[in-house]
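In: can't give you the sequence, but here's the structure:
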């Protein structure tokens, strides 16, 4: 690429880099940070639509399945509006925004900003989230603080920021100061999550640990391994500190399950979830193919309560507290496929970036894998959202959904840019060798 085209790209590179930094920074500490960021990415892409499309087109083979599942989810929402008289047009809002979030990936591929812009935004966002939620819990006495979100969503997103910050620390494994700062962001995200008392995120930590162990052979830095071990040790130690409430909530959860199984008290967080899942199973069995409209679903649950099949305590809950069940109950098998697709397709994309062939090639050349950190971060985000969805409908919230889409598409863009830079470097190196011979 000639110097003229590089200079022409610099203003856009600065703008997109700033947006990458801003998005995670304001996601948890402002009321509308996630929505504002999504609109900003889209408006920027609309100023350069042809260039963005041209920059993305060469990667079509790699990204097609990810885009396809987001298109499928939107098409399913359109079909529901057309075929269901009770459906409303506002049900198209969320799937359309998720699909348009691909503008963030297109901008990254076009402008090629440095991954550091996202990393420092994530670190700053995690560090800023900790005192924000700590003030609510300690100074204001709120038992389950959640900032401008509910406690569960805030805790989930804080954990995501912490895990992505760990990936940033891996990217800076050869720079002790930067790695330490990224590690501080990771610890801040984990601590903010703990302060919210969100139990569903603990499963995400277990899956994250498995993922880190799977790629431990590529983490050659002893200090980095100590950081990872320390992060998870902090969470384990917090379990035994009474002030965190982790042990109490874990034991309470197990007791609630046993009580519900024995036919006892349903009026607990776990008990109401189990009662909801019982009702969902009944409705799914009746309408397995297409499911029920969201409002119709609530009406049917209310009828079961009136008939005495379910406990009245569940009527205060908006959704089924399980992403898979919610998708299956409201969209049937097609809804389940749409939900599973937006998790599986991105995970496969990121896993392929870390495939054995790419690793072997990089190690044989004695260089690092440039897309390792963003690909690992992407897998961590997907695994986290899967685990959140086991006890919560994380995709119910527009903010939670948009955070996922933007983070996934930004990390996909960084993976593609990193591979392109590596290919260009390899080409230049080859030309130099040929001239030398």
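Out: That came through, no problem. Predicted model, so just to flag it, every value in this text is computed and none were measured.

In: Quick check on residue 69: phi, psi?
Out: phi -70, psi -30 (degrees, to the nearest 10).

In: mind checking pLDDT for it?
Out: Residue 69 carries a pLDDT value of 97.

In: what's the answer for residue 168, then?
Out: Taking residue 168 on its own, its pLDDT is 93.

In: And residue 37, how close does it get to residue 375?
Out: With the distance defined as CB to CB, to the nearest Å, residue 37 ends up 22 Å from residue 375. Quick note: C-beta positions are derived from backbone N, CA and C, even for glycine.

In: One more: residue 319?
Out: Counting by CB to CB, the gap from residue 319 to residue 375 is 31 Å.

In: Repeat that for residue 90.
Out: In terms of CB to CB, residue 90 sits 35 Å off from residue 375.

In: same check, this time on residue 137
Out: To residue 375, residue 137 is 35 Å away according to CB to CB.

In: Looking at those two, which is more packed in?
Out: Set side by side, residue 137 and residue 375 show more neighbours around residue 375, with 27 against 18, by other CB atoms under 10 Å.

In: Report the contact partners of the closest residue to that one other than its chain neighbours.
Out: Spatially, and ignoring its direct neighbours in sequence, residue 375 is nearest to residue 353 (3.8 Å; CB to CB, 6 or more residues apart in numbering). Contacts for residue 353 (CB atoms under 8 Å, 6 or more residues apart in numbering) come out as 371-372, 374-375, 378, 415, 419.

In: Highest neighbour count among these?
Out: Neighbour tally across those (other CB under 10 Å): the maximum, 30 neighbours, falls on residue 415.

In: give the contact list for that one.
Out: Contacts of residue 415 by CB under 8 Å, 6+ apart are 349-350, 353, 371, 374-375, 378.

In: taking those residues one by one, which sit in helices?
Out: 349-350, 353, 374-375, 378 (DSSP state H).

In: which of those has the weakest pLDDT?
Out: residue 353 (90).

In: Which parts of the stretch 151-300 of the chain are helices?
Out: According to DSSP state H, counting those that start in this stretch, the stretch 151-300 of the chain carries its helices in the segments 151-171, 176-196, 201-214, 222-238, 246-261, 269-286, 294-306.

In: Pick the most deeply packed of those.
Out: helix 151-171 (a mean of 28; mean count of other CB atoms under 10 Å).

In: What is that helix packed up against?
Out: Contacts defined by 3 or more CB pairs under 8 Å, 6 or more residues apart in numbering; DSSP states H and E place helix 151-171 against helix 3-27, helix 115-134, helix 176-196, helix 201-214, helix 222-238, helix 372-388, helix 398-436.

In: Report the angle between that helix and helix 3-27.
Out: Angle, helix 151-171 to helix 3-27, by axes from the mean of the first three to the mean of the last three CA atoms, to 10 degrees: 140 degrees.

In: I'd like the contacts of residue 415 laid out as CSV, including distance to residue 201.
Out: Listed next are the contacts of residue 415 as CSV, based on distance: CB to CB, whole Å:
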residue, distance to residue 201
349, 24
350, 20
353, 25
371, 26
374, 22
375, 22
378, 18
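
In: nearest to residue 315, of these?
Out: residue 378 (38.2 Å; CB to CB).

In: and of the ones in helices among the contacts of residue 415, the nearest to residue 155?
Out: Once CB to CB is applied, the member of the ones in helices among the contacts of residue 415 that ends up nearest residue 155 is residue 378, at 20.7 Å.

In: coming back round to it: quick one: which of the helices and strands packed on helix 151-171 is nearest residue 330?
Out: In terms of CB to CB, the element of the helices and strands packed on helix 151-171 nearest to residue 330 is helix 398-436, at 14.6 Å.

In: just to revisit the earlier point, using JSON lines, lay out the helices of the stretch 151-300 of the chain together with distance to residue 81.
Out: JSON lines is the format used below for the helices of the stretch 151-300 of the chain (distance: least, CB to CB, whole Å):
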{"stretch": "helix 151-171", "distance to residue 81": "26"}
{"stretch": "helix 176-196", "distance to residue 81": "35"}
{"stretch": "helix 201-214", "distance to residue 81": "33"}
{"stretch": "helix 222-238", "distance to residue 81": "43"}
{"stretch": "helix 246-261", "distance to residue 81": "37"}
{"stretch": "helix 269-286", "distance to residue 81": "21"}
{"stretch": "helix 294-306", "distance to residue 81": "12"}
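
In: To residue 333, which of the ones you listed lies closest?
Out: Evaluated over those, closeness to residue 333 peaks at helix 269-286, with 9.7 Å, by CB to CB.

In: what's the closest one packed up against?
Out: helix 246-261, helix 294-306, helix 323-353.

In: tilt between that helix and helix 323-353?
Out: Using the same axes, to 10 degrees: helix 269-286 against helix 323-353 is 90 degrees.

In: how far does helix 269-286 sit from the chain's center?
Out: 26 Å (CA atoms, centre = their mean, to the nearest Å).

In: for stretch 149-159, same thing?
Out: The answer for stretch 149-159 is 12 Å, by CA atoms, centre = their mean.

In: lowest confidence element among the helices and strands of this protein?
Out: Sorted by mean pLDDT, DSSP states H and E, the helices and strands of the chain end with helix 356-364, the least confident at a mean of 49.

In: Show me this protein divided up by domain.
Out: 9-242+339-430, 246-326 (automatic domain parsing).

In: what's the least confident stretch among those?
Out: Minimum mean pLDDT among those: domain 246-326, a mean of 77.

In: Spatially nearest residue to residue 384, not counting backbone neighbours?
Out: What sits nearest to residue 384 in space, not counting adjacent residues and going by CB to CB, 6+ apart, is residue 204, at 4.2 Å.

In: Tell me if I'm right that the one you found and residue 391 touch.
Out: No: taking CB atoms under 8 Å as the definition, residue 204 is not a contact partner of residue 391, at 10.8 Å.

In: And the ones in helices among the contacts of residue 415, which two are furthest apart?
Out: Applying CB to CB across the ones in helices among the contacts of residue 415, the maximum distance is between 349 and 374, 11.1 Å.

In: Tell me how many other residues crowd residue 47.
Out: When neighbours are counted by other CB under 10 Å, residue 47 comes out with 11.

In: now it: how far from residue 107?
Out: In terms of CB to CB, residue 47 sits 10 Å off from residue 107.

In: now do residue 332
Out: Here the criterion is CB to CB. By it, residue 332 lies 35 Å from residue 107.

In: When those two are compared, which one has more neighbours?
Out: Using other CB under 10 Å, the more surrounded residue of residue 332 and residue 107 is residue 107, with 31 against 18.
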